[in-house]
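# Here's a sequence, model it:
(one chain, ligands or ions: 1)
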Amino acid sequence: MKKIIIAIDGHSSCGKSTMAKELARQIGYMYIDSGAMYRAVTLFCLQKGFFTGDILDRKSLEKEIQNIRISFVKNSETGQFETFLNGENVEKAIRSMEVADKVSIVAAVDFVREAMVKQQQSMGLEKNIVMDGRDIGTVVFPDAELKVFITASPEIRAQRRWKELIDKGEQTTFDAVLSNLAKRDSIDSSRKDGPLRKAEDAVVLDNSHWTLEEQNQKLLELYRERC
Ligand code: DC
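Numbers count the residues shown, from 1 in each chain. Sure, this is the predicted structure:
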């Protein structure tokens, strides 16, 4: 079978990661969650005290950006890839509301994007990779053999995300999650570098009313068509 790159982009909380992960598992590909990389840089900024409210100390971050190493390590018990920041497992910490609230600010910084895109491109050298994010089909891998753009209505996305957070024991409301999503959609779509945008040759999937099974089936079909 031909080795390919699969780029999955789309809005926040539309189930991209779940779909991308499942596809990678089924076809034996490496899965990279590029959003986790921006979240890890955000956690780094929070830990170092680079934020004053929503104001980021860009100068301090720029000095440190080359010292931020992000990697993905497979957990042998769950079989899932987990995110490591400078050798420390941060998979849980990067999913908090505190990180979610600041990540779009960090992801809009040009030198952060440049550093992350470089790391992502080197992860794709061997192909056999499923990567999800916002600019994978447009900037990171413009020649990817399969590009998919996933979306769903804001209310359905917020409902899914809210349930995920509550199940993990986070204290938050549906309205707070909906407003965080709206804020992130707006910053992600309007930034200058690598904005959230559908690649011209991407297949669009609106999964508002699809079951996980149906979505996975559709992705598998698309993959088989390209191989
Ligand atoms: O997919 P996610 O919600 O975990 O992404 C976290 C943030 O990172 C989101 O606000 C958008 C940003 N992001 C990005 O700018 N580019 C990517 N390739 C992936 C995520």
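# Stretch 82-90 spans what distance, first to last residue?
8 Å (Cα to Cα, to the nearest Å).
# List the buried residues of it.
Residues of stretch 82-90 classed as buried by neighbour count (16 or more other Cβ atoms under 10 Å): 82-85, 90. For the C-beta atoms, the positions are set from N, CA and C on the backbone; glycine is no exception.
# For the one residue sitting closest to the centre of the chain, grab phi and psi.
In the chain, the C-alpha nearest the mean C-alpha coordinate belongs to residue 35, at 2.7 Å (Cα atoms, centre = their mean). The phi/psi pair for residue 35 (degrees, to the nearest 10) reads phi -60, psi -30.
# wait, doesn't it sit right on residue 133?
Yes: Residue 35 is within contact range of residue 133, at 5.7 Å (criterion: Cβ atoms under 8 Å).
# State the mean pLDDT of stretch 172-188.
Averaging pLDDT along stretch 172-188 yields 91.
# Could I get the buried residue list for that stretch?
For stretch 172-188, by 16+ other Cβ under 10 Å, it's 177-178, 180-181, 184-185, 187-188.
# now do stretch 68-83
Those buried within stretch 68-83 under the rule 16+ other Cβ under 10 Å are 68, 70, 72, 81-83.
# do stretch 162-169 as well
For stretch 162-169, by 16+ other Cβ under 10 Å, it's 162, 165.
# quick check, that stretch touching the ligand?
No: with Cβ under 6 Å from any ligand atom as the threshold, stretch 162-169 lies outside contact range of the ligand, at a closest distance of 11.3 Å.
# which parts of the chain sit against the ligand?
12, 34-35, 38-39, 103-104, 107, 133-136, 184, 188.
# Which of the helices or strands spans residue 71?
strand 70-74 (DSSP states H and E).
# any idea which helix or strand comes after the helix or strand residue 181 falls within?
Per DSSP H and E: residue 181 is located in helix 174-190. Going down the chain from helix 174-190, the next helix or strand is strand 203-206, by DSSP H and E.
# for the following helix or strand past that following strand, the distance to its chain's centre please.
Using DSSP H and E, the helix or strand that follows strand 203-206 in sequence is helix 212-226. What separates the centre of helix 212-226 from the centre of its chain is 20 Å, taken as Cα atoms, centre = their mean, to the nearest Å.
# Likewise for stretch 107-123?
13 Å.
# just to revisit the earlier point, so which of the residues of the chain next to the ligand are in helices?
Using DSSP state H, the members of those that fall in helices are 34-35, 38-39, 103-104, 107, 184, 188.
# want to throw the residues you listed into TSV with distance to residue 122?
Shown next, in TSV, are those (distance: Cβ to Cβ, whole Å):
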residue	distance to residue 122
34	13
35	18
38	17
39	19
103	22
104	25
107	19
184	27
188	24
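# Distance of residue 92 relative to residue 39?
11 Å (Cβ to Cβ, to the nearest Å).
# and residue 71, what does it touch?
83-84 (Cβ atoms under 8 Å, 6 or more residues apart in numbering).
# tell me the pLDDT at it?
The predicted local confidence for residue 71 is 93.
# Good, we can wrap up now.
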